[in-house]
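1. Sharing a sequence plus its predicted fold:
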Amino acid sequence: MLLAVAHGSRDVSSSATIHALLRRVRLLRPELPIRCCFLDLNSPSLADALVRLRRERPVLVPLLLSTGYHVRVDIPAAVAAAGLPTSRIARALGPHPLLAEALAARLAETGAAPEAPVVLAGAGSCDPTAIAETTRMAHLLATRLGRPVTPAHLSAAAPTPHEAVSALRKAGHPDVAVATYLLAPGFFARRAATTEARWTSPPLAAHDALARLILHRHDEARAATALPLAA
């Protein structure tokens, strides 16, 4: 069983987006039972899901783009409290080339000029590991696009997307694109859309590359515990 652990949001479209993404995952592997829970603001909570699903011994896949506090502390603590091994927790989704594929596709949907410099707008974190992973993701996207990508952070770290876009414009690039490095709509996505960039991509949402990545992380964790995929 795959238990997807999403962040949670007050924005109702956010949880709807997560469920739409998981429907795509189910289409890719219909034989795999998939459930969803949330770390905050939405239900079921992670603790409640673990109580209900303990006998199924699920593999937890964080629907989080970097290895921040939730991945390092909150999720392992909840799993340990439920009496399950923390080895059944998959890695955060990013950074990964499949995310670069999805980001590039979302950016292309905006009609952004292929030569325009790009700002990667991540959520931000106080965790240096998460910041470093956003920088790594910017490099992967730059390789995919064949042009510069500047990492930026919507909270807790600099530069912000607004600062990064402004700096590029002052450096002689009037047309800048923002690649929104978020899973779903919500407060941060709305903030990312308020820069002076000419183009801003939507969140990743229910993209097939993201659905494949979720299954990849699940399979990695199962292989690490030496359990058969159908168990």
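-> Noted; the coordinates are in hand. Residues are numbered from 1 along each chain as shown.

2. tell me the mean pLDDT for whatever helix or strand Val51 lives in?
-> Here Val51 sits within helix 46-53, counting by DSSP states H and E. Helix 46-53 shows a mean pLDDT of 96.

3. How about that helix, which residues are buried there?
-> Within helix 46-53, the residues scored as buried using 16 or more other CB atoms under 10 Å are 46, 49-50, 53. C-beta: built from backbone N, CA, C; applies to glycine.

4. got it, and stretch 84-100?
-> 84, 88-96, 98-100.

5. ok, the residue lying closest to Ile89 once chain neighbours are set aside - contacts?
-> Computed as CB to CB, 6 or more residues apart in numbering, the closest residue to Ile89 that is not its neighbour in sequence is Leu60, at 4.8 Å. Each residue near Leu60 by CB atoms under 8 Å, 6 or more residues apart in numbering is listed here: 3, 5, 75, 79, 88-90, 221.

6. One more: Ala78?
-> 46-47, 50.

7. So which of those residues is the closest to Leu120?
-> Leu46 (28.0 Å; CB to CB).

8. okay, how far is it across stretch 65-78, tip to tip?
-> Using CA to CA, to the nearest Å, the end-to-end distance of stretch 65-78 comes out at 19 Å.

9. List the buried residues for it?
-> 65-68, 70-71, 74-75, 78.

10. Let me see the backbone angles for the residue sitting furthest away from the middle of the chain.
-> Going by CA atoms, centre = their mean, the residue of the chain most distant from its centre is Gly172, 31.4 Å out. Taking degrees, to the nearest 10, you get phi 100, psi 20 for the backbone angles of Gly172.

11. Likewise for Val149?
-> In terms of degrees, to the nearest 10, the main-chain angles of Val149 are phi -130, psi 130.

12. next one: Tyr181
-> phi -90, psi 70.

13. what about the nearest residue in space to it that is not next to it in sequence, how many neighbours?
-> Using CB to CB, 6+ apart and skipping the chain neighbours, the partner closest in space to Tyr181 is Gly122 (4.4 Å). Neighbourhood size, Gly122 [other CB atoms under 10 Å]: 29.

14. wait, isn't Gly122 in contact with Thr135?
-> No. Using CB atoms under 8 Å, Gly122 makes no contact with Thr135, being 9.2 Å away.

15. Give me the common contacts of those two.
-> With CB under 8 Å, 6+ apart as the test, Gly122 and Thr135 both reach Pro151.
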